[in-house]
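K.L.:
Okay, structure incoming, though there's no sequence with it:
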């Protein structure tokens, strides 16, 4: 399935867009950057700094932005981290534990289940983030401290002219879906093939009134595959 010559809207935050843009270019697509989310420091930032100084047994990271921010905050070179996937792990200092099978919160919980009982685990996360990771770690017996590292907000404005002559739109999070609707309206997606990463993002798009043509596995490669399938389904 080819993306050759297709103009694909990338709705990720500006600092997270390059990974998907590079993959799209490798497949011959033309990425169009249209950030639908931005990040702001969360209310628990000072508490997280103090928690890191107390050296938790494990710091669990669930997003690339959290990894980038923690790398700025953590001064310890031997802090042990765990990440939901390889892309997030690559942004952390040192080598992080990642799922040996699959990616995402549930896969990471399964990877850590046998090693976190009775351990002090810090989870610096997004405001309003899914509880799947925190609840899973607690069910495995970890003493979890979940704190708000950052919040996701919608940009104040966007260049709507970028939405002209698009072939497809990609969504990598429910917050990006909501940001797109706030900036452009759900109707702006009607003429394009739409692909989402994972079931939760696809559900957010449908709830917002956006038709989802394909849903990919977790990860940017899965999203690219979904984009190709979405174009086939929309144009077939």
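P.N.:
Ah, there it is. This one's a predicted model, so the numbers in the text were calculated from it and none came from an experiment. Numbers count the residues shown, from 1 in each chain.
K.L.:
only C-alpha atoms for contact and neighbour calcs from this point on.
P.N.:
Fine.
K.L.:
In its sheet, which strands sit next to the longest strand along the chain, and in what direction?
P.N.:
Longest among the strand segments of the chain by residue count, using DSSP state E, is strand 143-153. In its sheet, strand 143-153 lies beside strand 38-41 (antiparallel), strand 120-126 (parallel), with partners assigned from DSSP bridges.
K.L.:
What pairs with the helix or strand following it, parallel or antiparallel?
P.N.:
Secondary structure here is assigned by DSSP states H and E; on that basis, the next helix or strand after strand 143-153 toward the C-terminus is strand 168-171. Each strand pairing with strand 168-171, determined using DSSP bridges, is listed with its direction: strand 7-10 (parallel), strand 193-197 (parallel).
K.L.:
Strand 168-171: how far from the chain's middle?
P.N.:
In this view, strand 168-171 has its centroid 14 Å away from the chain centroid, taken as C-alpha atoms, centre = their mean, to the nearest Å.
K.L.:
I figured residue 38 hits residue 157, correct?
P.N.:
No - the criterion here is C-alpha atoms under 8 Å, and residue 38 misses it with residue 157 at 11.3 Å.
K.L.:
Show me which of the two is the more surrounded one.
P.N.:
Just comparing residue 38 and residue 157: by other C-alpha atoms under 10 Å the higher neighbour count belongs to residue 38, 18 against 11.
K.L.:
May I have the secondary structure class of residue 48?
P.N.:
Following DSSP: H, G, I helix; E, B strand; the rest coil, residue 48 is assigned to helix.
K.L.:
repeat for residue 136
P.N.:
The three-state label for residue 136, taken from three-state DSSP, comes out as helix.
K.L.:
so where is the chain shaky, pLDDT-wise?
P.N.:
By pLDDT under 70, the weakly predicted segments of the chain are 1, 75, 218, 236.
K.L.:
What are the structural domain limits within it?
P.N.:
7-37+159-235, 40-151 (automatic domain parsing).
K.L.:
Let me have those in TSV, extended by mean neighbour count.
P.N.:
Supplementary listing: those in TSV, determined by neighbours: other C-alpha atoms under 10 Å:
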stretch	mean neighbour count
domain 7-37+159-235	20
domain 40-151	18
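K.L.:
ok so, going back, any chance of the strands paired with strand 168-171 in CSV with distance to residue 103 as columns?
P.N.:
As requested, the strands paired with strand 168-171 are arranged in CSV below (distance: least, C-alpha to C-alpha, whole Å):
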stretch, distance to residue 103
strand 7-10, 21
strand 193-197, 12
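K.L.:
Name the residues that touch the longest strand of the chain?
P.N.:
Taking contacts as C-alpha atoms under 8 Å, 6 or more residues apart in numbering, the residues outside strand 143-153 that touch it are 37-45, 47-48, 66, 117-127, 134, 137-138, 175, 179.
K.L.:
that older thread, relative to residue 97, which of the strands paired with strand 143-153 is closest?
P.N.:
Distances from residue 97 to each of those were compared by C-alpha to C-alpha, and the smallest falls on strand 120-126, at 13.3 Å.
K.L.:
Distance of residue 30 relative to residue 165?
P.N.:
11 Å (C-alpha to C-alpha, to the nearest Å).
K.L.:
Overlap in contacts, those two.
P.N.:
For the pair residue 30 and residue 165, residues contacting each of them under the criterion C-alpha under 8 Å, 6+ apart are residue 7.
K.L.:
Which elements pack onto the longest helix belonging to the chain?
P.N.:
Longest helix in the chain by number of residues (criterion: DSSP state H): helix 220-235. Applying 3 or more C-alpha pairs under 8 Å, 6 or more residues apart in numbering; DSSP states H and E, one finds that helix 220-235 makes contact with helix 17-26, strand 168-171, strand 193-197, strand 214-216.
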